[in-house]
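Q: just a sequence and a predicted model for now, questions to come.
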Amino acid sequence: MLSKTWVRILVSIVLMVVIFVTSNRVLRVGEGTDTVEEDQSGKELDHSSFSFDSQSESSEESSEPGEEGYDPLPQSLTMYVGPLAASQEMQLVEDPEQRITCPRGTAVNVIGIKELPDGSEVYRVECNDQQYHVSKDALVASESEVIREKEMYVRTPVTLLQEADSASIAGYAPKNSVLQILSYDYMEDNGRIHMYQVRHGDQEGWVFGKYLAFTPEAAAENYNEHGEYTIHSKRIYYYNLFGGEGANMDYFPVEKPSFPDNPFCEEAKAMYLTASCIYSINDYLSIILESGVNAVVLDIKSGNLGFGAEVAKEMSPTAYRNSMGTVSEYRNAVQKLQENGIYVIGRIVVFSDWAYAEDHPESCIKTNLSDEDWLSAFRRDVWEYNVKLAVESVRECGFNEIQFDYVRFPDYSYKMSASPRTDFRNEYNEDKSQAIQNFLFYACDQIHQAGAYVSADVFGECSGAYVTAQGQYWPAISNVVDAISAMPYTDHFQTGVDMWTEPYDTVYFWALSAAARQSEIPTPAAARTWVTGYNTPYWDPDVRYDGTKIREQAQALYDAGLTGGFIPWNADASRSKYRDFAEAWQHDYMNS
């Protein structure tokens, strides 16, 4: 008669064989197919079985037969971490208080098995010369079983792409949506799927796995590790600006990229150049090299398109016909700047675009309150055009970073929203602020894949603790992009009160508010601020802005904690002005 211990050993071995033999019947994700096969139980897998109480009877096991209830296997069996989450927590045998996280797909050697009082079973496994306890449900018998999710849930709103390697948009899925999994591209080292092919209603496309959750409960969560969501969910202006609600946006940490062959400019002392400046690039370069400038913001699209981009030929023929230069001219100018150690940022004006509006009136906001043709930030074709232009500019011209300006709804958005005669073309029923954040999620994903960084310009008003009427909310934008560039121009605050004669005070008190917004999110962008780089002839008193005035504004930013640098705004890119600004660019603000 076999002892109970040996019966359990034999049962365990038989069980392993059965699992291995039947592994081809577990859920498979078919490439391009419409059906997904369930495992034999057909049940939703329970994440709660992954974690263990360190005080359980498994806290002091030995690998000897029968000790502390563990039954050893005659020989170790290789199994794999998965498939219920991107990673699995395992408890160290020698010190139950210590746990490690293993990405799914990690191979482990099973050396023992034990039944717990509740009837569940725990494996004793060996990995990297250490022994761990792990739930039986957390392991599978073959690598083919590691990825078997048939549904995933949207935690952060996602843009559906037509192809995994394309910026062409197929649709949109808001938070809490259920996505049917059709296929995937590959598993990353952390156990997360890079991109899934999914079905959402009548839409099919590809989405990034980092925005999805394994359970509806996890998808419904809002990031509140240090009270972030609590702060933003209470942000309400004293009357409705119609820009959106802080509670409806995403604040989960965003991993900021780092490209070894393209280091990010952490502290930019930047000069702005219009598209036509590329024809005088040597003159500007001589000023740059004498002035301490380390970055340049060069227009790609502002009014007219700077060069004849292929995407414009396809999506905006009017922009293509009216483009100013060629790709090779831009490439040569960018390369010349980079050869001299200058970080080059390409500026793209997004939703104020006369040429695209002329080609696509169906994408413009329709209202009786303005004659201006303003493209709706809800329209995905507008997103796609600007992001494809950005990616083409990076790949063809070599820009280090793309800066999006006019990433907002128009100035008169409040009045437009209050009027029943305004049609914002809101296909997916988003808040304005949601549309802006969702655009930036999409843009960052595409441009980061091209090897460049992303920045966004925002109104100076955006430093306030509310969502603006134009849909800009500092925390929601800064948390996503790599750099945020506000525009606190000293003559834009009030016209009846002199805010521009003493720029340090004006900028400093504004910057304190902006720094507070930066502290309210887990992964803030670098704060690289536009400053007033022009005279104020339209107000009384008329003030000439020279290098001293630029330096005062920049010092105010640093004193308030915004140390990402500054960009003097001078719409004409005046060389005489830039020579005057040399003392401001050369100054060491970090040690002042």
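A: Looks like it came in fine. These numbers come from a predicted model, not from an experiment.
Q: contacts for stretch 276-294 next, please.
A: Judged by C-beta atoms under 8 Å, 6 or more residues apart in numbering, the contacts made with stretch 276-294 from elsewhere in the structure are 265, 267-271, 273, 296, 298, 306, 324-325, 329-330, 332-333, 336-337, 340-343, 573, 575, 578-579, 581-582, 585-587. From N, CA and C alone the C-beta is placed, and that goes for glycine too.
Q: let's see that with 7 Å instead.
A: Taking contacts as C-beta atoms under 7 Å, 6 or more residues apart in numbering, the residues outside stretch 276-294 that touch it are 265, 268-271, 273, 324-325, 329-330, 333, 336-337, 340, 342-343, 573, 575, 578-579, 581-582, 585-586.
Q: please name the nearest non-neighbouring residue to residue 154.
A: The shortest distance from residue 154 to any residue that is not its chain neighbour, by C-beta to C-beta, 6 or more residues apart in numbering, is 4.2 Å, and that residue is residue 177.
Q: tell me if I'm right that that neighbour and residue 155 touch.
A: No. When contacts are counted by C-beta atoms under 7 Å, residue 177 is not listed as touching residue 155 (9.9 Å).
Q: who has more neighbours, these two?
A: residue 155 (23 against 19; other C-beta atoms under 10 Å).
Q: which residues touch the more buried one?
A: Contact criterion C-beta under 7 Å, 6+ apart gives 175, 211, 212, 213, 218, 219 as the residues in contact with residue 155.
Q: try it again at 10 Å.
A: Counting by C-beta atoms under 10 Å, 6 or more residues apart in numbering, residue 155 touches 175-177, 210-215, 218-223, 250, 252.
Q: same question, residue 460
A: Residues in contact with residue 460 (C-beta under 10 Å, 6+ apart) are 486-490, 492-493, 506-507, 510, 513-514, 529-530.
Q: before we move on, the earlier item: overlap in contacts, residue 177 and residue 155.
A: If you check residue 177 and residue 155 against C-beta under 10 Å, 6+ apart, the residues they both contact are 212, 219.
Q: next helix or strand past the worst-scoring helix or strand of the chain on mean pLDDT?
A: Every helix and strand of the chain was ranked by mean pLDDT, DSSP states H and E. The lowest is helix 4-21, at a mean of 47. Reading on from helix 4-21 to the C-terminus, the next helix or strand found by DSSP states H and E is strand 71-81.
Q: mind listing the helices in the stretch 401-550 of the chain by residue range?
A: For the stretch 401-550 of the chain, the helices identified by DSSP state H, counting those that start in this stretch occupy 413-418, 432-449, 474-478, 503-518, 547-559, in order along the chain.
Q: tabulate those (a markdown table), appending mean pLDDT and mean neighbour count.
A: Below are the helices of the stretch 401-550 of the chain laid out as a markdown table (pLDDT from 0 to 100; neighbours: other C-beta atoms under 10 Å):
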| stretch | mean pLDDT | mean neighbour count |
| --- | --- | --- |
| helix 413-418 | 96 | 19 |
| helix 432-449 | 98 | 24 |
| helix 474-478 | 98 | 27 |
| helix 503-518 | 97 | 20 |
| helix 547-559 | 98 | 22 |
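Q: closest to residue 159 out of these?
A: The minimum distance between residue 159 and these falls on helix 432-449, with 4.5 Å, by C-beta to C-beta.
Q: report whether residue 335 is found in a strand, as I expect.
A: No. According to DSSP: H, G, I helix; E, B strand; the rest coil, the state of residue 335 is helix, so it is not within a strand.
Q: pretty sure it is in contact with residue 329, am I right?
A: No. Under the criterion of C-beta atoms under 10 Å, residue 335 lies out of contact with residue 329, with a separation of 11.0 Å.
Q: what about these two, which has more around it?
A: Looking at residue 335 and residue 329 with other C-beta under 10 Å, you find the greater number of neighbours at residue 329, namely 17 against 13.
Q: the closest residue to that one other than its chain neighbours in helix, strand or coil?
A: If the residues on either side of it in the chain are set aside, residue 329 comes closest to residue 278, at 5.9 Å by C-beta to C-beta, 6+ apart. For residue 278, the assignment made with three-state DSSP gives helix.
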